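In: need a structure here:
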Amino acid sequence: MNYAVSTRTRSMKVRTVTMTAMLSAISFLMAFIEFPVPLSPSFARMDLSDLPALIGAFAFGPFCGVMIELVKNALQLLSTSTGGVGELANFLMGGAYALTAGLLYQAHKTKKMAAFACVIASVVMGIVAALANYFILLPLFESFLPLEQLIASFGELIPFIHTKLDIVLWNAFPFNLLKGLVIGGVTMLTYKRLTPVLRGK
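Out: Next comes the predicted model:
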């Protein structure tokens with residue numbers, strides 16, 4: 001009996017590692033599929049590469065989701081144009097999102113909790129994105145574009161943006177909140193169908 005339990009545990013661990021690697025690869029590839037951000041300058045782009053991390057966090061726990069984000073961004077370092085700064089910010093945002101959702105869902109695995117976890121994780125992602133943009137990403141952009149021009153580029157699309165803080169409050173936070181909700185919605189629609197494949201049941 002103990003041998004059977006040990007075998008199942010070992011098999012589950014192997015499957016978790018395998019699925020984490022697979023989801024990390026998918027996340028890395030999805031990062032290359034970018035879309036323009038509504039009401040943002042052309043250099044601001046988005047992707048849905050956090051989707052595999054959220055699915056992994058639901059299927060195998062929050063640590064798996066964070067690991068997927070870590071591996072994805074580590075792979076992106078091989079072709080980075082930001083000296084790793086952009087990858088660090090992306091990891092902080094995506095990691096916070098997957099960790100929050102995974103912890104909440106792990107505590108109570110129901111459909112209602114999954115939906116609640118996606119909403120709360122999206123809010124957390126928006127907050128972390130606001131901080132990451134203010135202290136990491138916007139200073140990075142400032143090395144290529146003067147702050148006044150950077151603010152003006154956002155102000156052309158959202159007239160009441162006049163400061164760096166305005167960019168964070170009226171662009172970075174709401175956009176990442178919306179991004180998290182979209183990814184959460186897609187996950188809610190697909191997760192149950194993917195569970196047998198992910199967990200081998």
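In: quick one: contacts for G84?
Out: Contact analysis of G84 by Cβ atoms under 8 Å, 6 or more residues apart in numbering lists L77. For the C-beta atoms, the positions are set from N, CA and C on the backbone; glycine is no exception.
In: same check, this time on I127
Out: I127 neighbours (Cβ under 8 Å, 6+ apart): F173.
In: Could you check the pLDDT of it?
Out: Predicted confidence (pLDDT) for I127: 98.
In: Now do it against A96, distance only.
Out: 8 Å (Cβ to Cβ, to the nearest Å).
In: again, but for L103
Out: Taken as Cβ to Cβ, the span from L103 to A96 is 11 Å.
In: Could you do P41 as well?
Out: 25 Å.
In: between those two, which one's more packed in?
Out: Per other Cβ atoms under 10 Å, whichever of P41 and A96 has more neighbours is A96, with 22 against 17.
In: I figured the more buried one hits G126, correct?
Out: No: in terms of Cβ atoms under 8 Å, A96 does not count as a neighbour of G126; the distance is 9.8 Å.
In: Counting neighbours, what do you get for the nearest residue to Y134 once chain neighbours are set aside?
Out: Excluding the flanking residues, the one nearest Y134 by Cβ to Cβ, 6 or more residues apart in numbering is V168, at 4.9 Å. The tally of other residues near V168 (other Cβ under 10 Å) stands at 20.
In: In contact with V168, which residues are there?
Out: By Cβ under 8 Å, 6+ apart, the contact set of V168 is 130, 133-134, 138.
In: can we see that at 10 Å?
Out: 129-135, 137-138, 161 (Cβ atoms under 10 Å, 6 or more residues apart in numbering).
In: How about N90?
Out: Counted by Cβ under 10 Å, 6+ apart, N90 has contacts 31, 47, 49-50, 69, 72-73, 76, 82, 129, 132, 136-137.
In: Show me which residues of the longest helix along the chain are buried.
Out: Assignment by DSSP state H gives helix 2-30 as the longest helix of the chain. Across helix 2-30, burial judged by 16 or more other Cβ atoms under 10 Å covers 16, 19-20, 23-24, 26-28, 30.
In: Among these, find me the one that's closest to G200.
Out: The nearest member of the buried residues of helix 2-30 to G200, counting by Cβ to Cβ, is M19 at 8.9 Å.
In: There's contact between the closest one and G61 in this structure, I believe.
Out: No: contact criterion Cβ atoms under 10 Å: M19 and G61 do not qualify, at 11.4 Å.
In: Which strand or helix spans the residue nearest the centre of the chain?
Out: Nearest to the mean C-alpha position of the chain, by Cα atoms, centre = their mean, lies G94 at 2.8 Å. Take DSSP states H and E as the rule and G94 turns out to sit in helix 85-107.
In: Can you list the buried residues in that helix?
Out: 85-106.
In: and what of stretch 32-43?
Out: 37, 40-41.
In: Could I get the CA-only coordinates of that stretch as CSV?
Out: Listed next in CSV are the C-alpha coordinates belonging to stretch 32-43 (Å, rounded to 0.1, in the frame of the first residue of the first chain):
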residue,chain,number,x,y,z
PHE,A,32,6.2,36.7,-29.3
ILE,A,33,2.5,37.2,-30.2
GLU,A,34,2.0,40.9,-29.3
PHE,A,35,-1.0,43.2,-29.7
PRO,A,36,-1.2,47.0,-29.5
VAL,A,37,-2.5,48.3,-26.2
PRO,A,38,-5.7,50.4,-26.5
LEU,A,39,-5.1,54.1,-25.7
SER,A,40,-1.3,53.6,-25.6
PRO,A,41,1.6,54.6,-27.8
SER,A,42,2.8,52.2,-30.4
PHE,A,43,5.8,51.0,-28.3
